[in-house]
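Asks: pasting the structure only:
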């Protein structure tokens, strides 16, 4: 049954498409997710393999019928661009330490967001917000024979640093702006299990990624435009979400592979992040408290992503795959992260047995909705400073990468 060994496809086209699917669906429907987590390189059968790839995502989200507090027209425009394009890079290296033990180190940018609607009727809520992340991870596995295949036990740790800023209007006439800059970091861990039968290209994996505790959020509040200068600030303890992902794949005919995944992300952890001046006790820093000078309102619900696809290996050099993905929006009355449907396709070219070159593209639909007031914790209501509508919008992406193994 060696004709069902789809090594090139498993390591190339499908993996590249999985990255695009994650990046595409996370543009507006996955909280702050961009690249997310991916440990597929750990399963490469070569003793040593390394890869580098990048995806550029282009969301075309438009805000319409924007109003300020209480439905007021501030005279700054009722429409705006709701999202900016962004890159999702990933670099990884995997080695076989001893027979049955594999380890991988990788760099990625799992979280992020960038919106720059500018001076619009919702400027009291947001003129520009930009959040970036860096993730440094180490993951190992131990595999041993069980039945017709191999059982693999997976574990690892990762360190994340997250930074960003938000600029918004603090006075309408004249138009004066303020800015919040924040940074933080934290550790997380992962554990999982996988079962593989290489002869039929079968693999089933279940991986849990832990929360990342952020108890050192700090930065500055810049209100120099209204004469208050720079104020050192901090945010209450928050968590980046934990997640569980189930992935399945199997050869279904000579040269053909079916694959799919289901992922849950605990985005409901992130509601409203209160920002308080340094000096106020942590017990007084909560959303809606007098000590909070501002807040970062997210108001997310949990995210779900479901994807499936088919891959085909044409010959020893060329393989291709297609994938359809649905991502449940994490916004539910506040924000513009609605459900997303994405269709992707890509090819992998193997000019030599140890080199794979990948190119893929995807197109999707960001579904319509409305953002307005939403009640949260402690009686706090988000969205009082702006409301707007959004229609069905287009999102596209391109991805390229290279993998070298020995």
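Replies: Arrived safely. Values in this document were obtained by computation on a predicted structure and should not be read as measured data. Residues are numbered from 1 along each chain as shown.
Asks: quick one: least confident helix or strand in the chain?
Replies: The least trusted helix or strand in the chain, going by mean pLDDT, DSSP states H and E, turns out to be helix 7-11, with a mean of 36.
Asks: report the contact partners of residue 402.
Replies: Contact analysis of residue 402 by CB atoms under 8 Å, 6 or more residues apart in numbering lists 51-53, 355-358. Bear in mind the C-beta positions are built from the backbone N, C-alpha and C, glycine included.
Asks: which SSE is it in?
Replies: Residue 402 is part of strand 393-405, with elements assigned from DSSP states H and E.
Asks: pull up the pairing partners for that strand, direction included.
Replies: Taking DSSP bridges as the criterion, strand 393-405 forms sheet pairs with strand 48-59 (antiparallel), strand 355-366 (antiparallel).
Asks: can you put those in TSV and add mean pLDDT?
Replies: Formatted as TSV, the strands paired with strand 393-405 follow (pLDDT from 0 to 100):
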stretch	mean pLDDT
strand 48-59	94
strand 355-366	92
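Asks: residue 99 - how many residues pack around it?
Replies: As a burial measure, residue 99 scores 8 neighbours (other CB atoms under 10 Å).
Asks: now it. Its backbone dihedrals?
Replies: Main-chain dihedrals, residue 99, degrees, to the nearest 10: phi -60, psi 120.
Asks: how much space between it and residue 342?
Replies: 39 Å (CB to CB, to the nearest Å).
Asks: before we move on, what about residue 239?
Replies: 27 Å.
Asks: and residue 254, by the same measure?
Replies: 29 Å.
Asks: who has more neighbours, those two?
Replies: Taking neighbours as other CB under 10 Å, residue 254 and residue 342 compare with residue 342 leading, 27 against 11.
Asks: can you tell me the element the more buried one falls in?
Replies: Going by DSSP H and E, residue 342 is in strand 340-352.
Asks: list the buried ones in that strand?
Replies: 340-350 (16 or more other CB atoms under 10 Å).
Asks: from those residues, which single one is nearest residue 234?
Replies: residue 340 (33.8 Å; CB to CB).
Asks: just checking, the closest one touches residue 368?
Replies: No: look at residue 340 against residue 368 with CB atoms under 8 Å: they stay out of range, at 11.7 Å.
Asks: before we move on, back to that, now the angle between strand 340-352 and the strand holding residue 402, please.
Replies: Angle, strand 393-405 to strand 340-352, by axes from the mean of the first three to the mean of the last three CA atoms, to 10 degrees: 30 degrees.
Asks: mind checking how far strand 393-405 is from the chain centre?
Replies: The chain centre lies 15 Å from the centre of strand 393-405; the measure is CA atoms, centre = their mean, to the nearest Å.
Asks: would you mark the buried spots in it?
Replies: For strand 393-405, using 16+ other CB under 10 Å, the buried residues are 393, 395-397, 399-401, 403, 405.
Asks: strands of the stretch 51-200 of the chain, start to end?
Replies: Secondary structure of the stretch 51-200 of the chain by DSSP state E, counting those that start in this stretch: the strands cover 62-67, 80-81, 86-98, 101-108, 113-115, 128-146, 149-171, 176-197.
Asks: other SSEs contacting the helix or strand following the last one?
Replies: This means strand 176-197. Later in the chain than strand 176-197, the nearest helix or strand by DSSP H and E is strand 202-209. Judged by 3 or more CB pairs under 8 Å, 6 or more residues apart in numbering; DSSP states H and E, strand 202-209 is in contact with strand 149-171, strand 176-197, strand 243-253.
Asks: who does the very next helix or strand once past the shortest one pair up with?
Replies: This points to strand 243-253. Using DSSP H and E, the helix or strand that follows strand 243-253 in sequence is strand 256-265. Using DSSP bridges, strand 256-265 pairs in its sheet with strand 243-253 (antiparallel), strand 303-313 (antiparallel).
Asks: just to revisit the earlier point, same list, the buried residues of strand 393-405, but as a markdown table with pLDDT and distance to residue 274 please.
Replies: Shown next, in a markdown table, are those (pLDDT from 0 to 100; distance: CB to CB, whole Å):
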| residue | pLDDT | distance to residue 274 |
| --- | --- | --- |
| 393 | 96 | 31 |
| 395 | 94 | 32 |
| 396 | 93 | 36 |
| 397 | 91 | 34 |
| 399 | 90 | 38 |
| 400 | 92 | 41 |
| 401 | 91 | 40 |
| 403 | 94 | 44 |
| 405 | 93 | 48 |
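Asks: dump the residues you listed to JSON lines, plus distance to residue 89.
Replies: As requested, the buried residues of strand 393-405 are exported to JSON lines (distance: CB to CB, whole Å):
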{"residue": "393", "distance to residue 89": "25"}
{"residue": "395", "distance to residue 89": "19"}
{"residue": "396", "distance to residue 89": "18"}
{"residue": "397", "distance to residue 89": "13"}
{"residue": "399", "distance to residue 89": "11"}
{"residue": "400", "distance to residue 89": "11"}
{"residue": "401", "distance to residue 89": "10"}
{"residue": "403", "distance to residue 89": "15"}
{"residue": "405", "distance to residue 89": "20"}
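Asks: residue 378: which of the residues you listed is nearest?
Replies: Nearest to residue 378 among the buried residues of strand 393-405, counting by CB to CB, is residue 393 at 33.4 Å.
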